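Engineer: sequence-free structure coming up:
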């Protein structure tokens with residue numbers, strides 16, 4: 001017996017806004033929405049496909065009443081595929097992200113950022129040719 005990693009749930013104040021940010025950042029689309037919840041992904045999962053093989057997980061944004069209080073214990077890492085790291089950082093800032101300091105120190109080959117609700121994520125080295 002085994003399990004599959006199918007989605008990552010993110011508590012947030014505004015699920016629509018955060019889903020829209022991450023759709024733009026990752027070139028994902030909304031695949032499901034209900035009251036206070038928005039699920040996004042690069043594909044529309046079916047039970048049969050997930051059972052058959054490991055598939056990319058989706059992101060599920062769930063509205064909660066409380067705001068973020070401390071540094072995330074889990075975060076996303078993203079890698080630009082068609083531009084340099086600094087160009088991607090600039091693009092993400094234009095979408096509503098900010099640079100942030102979580103004590104990473106200088107001279108790192110990644111950039112720590114926060115999404116519009118303050119959830120930390122990292123922009124890693126570029127994968128562009």
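Structural biologist: Received the coordinates, thanks. Treat the numbers as computed from the prediction; the structure is a model and nothing was measured.
Engineer: So what does residue 116 have for phi and psi?
Structural biologist: phi -60, psi -20 (degrees, to the nearest 10).
Engineer: list the contacts for the spatially closest residue to it that is not a sequence neighbour?
Structural biologist: Across the structure, with C-beta to C-beta, 6 or more residues apart in numbering as the measure, the residue nearest residue 116 apart from its sequence neighbours is residue 96 (4.2 Å). Every residue, glycine included, has its C-beta placed from N, CA and C. Shown in contact with residue 96 (C-beta atoms under 8 Å, 6 or more residues apart in numbering): 21, 115-116.
Engineer: For the residues you listed, which entry has the maximal number of neighbours?
Structural biologist: With neighbours taken as other C-beta atoms under 10 Å, the top of the contacts of residue 96 is residue 115, carrying 24 neighbours.
Engineer: hang on, it packs against residue 93?
Structural biologist: No - using C-beta atoms under 8 Å, residue 115 makes no contact with residue 93, being 11.2 Å away.
Engineer: Provide a list of residue ranges in the chain with pLDDT below threshold.
Structural biologist: 1, 107 (pLDDT under 70).
Engineer: what ranges do the helices span in it?
Structural biologist: Applying DSSP state H to the chain gives helices spanning 15-26, 47-52, 85-95.
Engineer: So which of the ones you listed is the most surrounded?
Structural biologist: Burial of the helices of the chain is given as mean neighbour count (mean count of other C-beta atoms under 10 Å); helix 15-26 ranks first at a mean of 19.
Engineer: same for it, what does it pack against?
Structural biologist: strand 29-34, strand 37-41, strand 58-63, helix 85-95 (3 or more C-beta pairs under 8 Å, 6 or more residues apart in numbering; DSSP states H and E).
Engineer: so what are the domain limits for this structure?
Structural biologist: In the domain annotation for the chain, the residue ranges read 7-63, 76-123 (automatic domain parsing).
Engineer: ends of stretch 109-126, how far apart?
Structural biologist: For stretch 109-126, the first-to-last residue distance is 10 Å (C-alpha to C-alpha, to the nearest Å).
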